[in-house]
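>>> coordinates for the following, if possible.
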Amino acid sequence: MTRVYIALTRAELTELAGRAVLEGGPAFAVTPALRSSYAEAGIDDEEELEYVAMTVAAGVSLTRLDAGDPQDDRRIVVAADTEVRSLRDPDHPAHPARVELVAPVPLASIVSVHVDTDDVRSLVRVAVRALPAAAAGDESAAASVDALEEEELAWYGTQELGDVL
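Below you'll find the model as predicted:
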């Protein structure tokens, strides 16, 4: 089993709560490639590397939000213990933490849910609207997106899923 961090949208989290199984989503974990890429910076602590994987998942969650949906204004990441396989395709280099889920993840395998707090929602909305300009090289827009990296996601147990929704 591997601890993975899966980027979700509100709709996917709602589906998870209703069906008690997560069918998929972009997933990230501490992989040998992630360890290697951070070893040069002297980062080899497991918790720090897990934080990197979760932060990457939070960034991917941001890119999956719908700017037109006023309720889609929180990054959401679930942490789960499940089987994965590495996604190292030399023709399509992925983030070194990127993994593929082998099978759907039952709610019982999810250990926590990480979500932006209410006070960060306005920053998330600004960042979602800034994503296209940031991708086009606009430094001001990129700063809006990067500002979210300073904001940590709140931790919730799976028994609090209803409260999160």
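>>> show me where this protein has strands.
2-8, 21-22, 27-29, 76-82, 84-86, 98-101, 105-106, 110-115, 154-156 (DSSP state E).
>>> pick the most buried one from those.
Using mean count of other C-beta atoms under 10 Å, the stretch among the strands of the chain with the greatest mean number of neighbours is strand 27-29 (a mean of 26). C-beta: built from backbone N, CA, C; applies to glycine.
>>> can you name every helix or strand that that strand contacts?
Secondary-structure packing of strand 27-29 (3 or more C-beta pairs under 8 Å, 6 or more residues apart in numbering; DSSP states H and E): strand 2-8, helix 46-63, strand 98-101.
>>> one more time with 10 Å, if that's ok
strand 2-8, helix 46-63, strand 76-82, strand 84-86, strand 98-101 (3 or more C-beta pairs under 10 Å, 6 or more residues apart in numbering; DSSP states H and E).
>>> got the contact list for it?
2-7, 34, 49-50, 52-60, 77-80, 82, 84, 86-87, 94-101, 105 (C-beta atoms under 10 Å, 6 or more residues apart in numbering).
>>> and the helix or strand of the chain with the lowest mean pLDDT, which strands flank it?
Of the helices and strands making up the chain, the lowest-confidence element is strand 84-86, at a mean of 80, by mean pLDDT, DSSP states H and E. For strand 84-86, the paired strands and their directions (DSSP bridges) are strand 98-101 (antiparallel).
>>> quick one: average pLDDT of the strand it pairs with?
On average, the pLDDT along strand 98-101 is 91.
>>> please save the CA atoms from that strand in PDB.
These are the backbone C-alpha positions of strand 98-101, laid out as PDB (Å, rounded to 0.1, in the frame of the first residue of the first chain):
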ATOM      1  CA  ARG A  98       2.500  11.400 -10.300                       C
ATOM      2  CA  VAL A  99       1.100   7.900 -10.000                       C
ATOM      3  CA  GLU A 100      -1.900   6.000 -11.400                       C
ATOM      4  CA  LEU A 101      -4.500   4.400  -9.200                       C
END
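>>> contacts for it, please.
With contact meaning C-beta under 10 Å, 6+ apart, strand 98-101 is reached by 2, 4-6, 22-31, 33-34, 53, 56-57, 60, 80, 82-89, 94.
>>> swap in stretch 155-165?
The contact list for stretch 155-165 (C-beta under 10 Å, 6+ apart) reads 10, 13-14, 16-18, 20, 74, 76, 78-80, 107-115, 154.
>>> dig out what the closest residue in space to Leu101 that isn't next to it in sequence forms beta bridges with.
Spatial nearest neighbour of Leu101, chain neighbours left out: Ala27 (5.3 Å); criterion: C-beta to C-beta, 6 or more residues apart in numbering. Bridge pairing for Ala27 (DSSP bridges) gives the partners Ile6, Val99.
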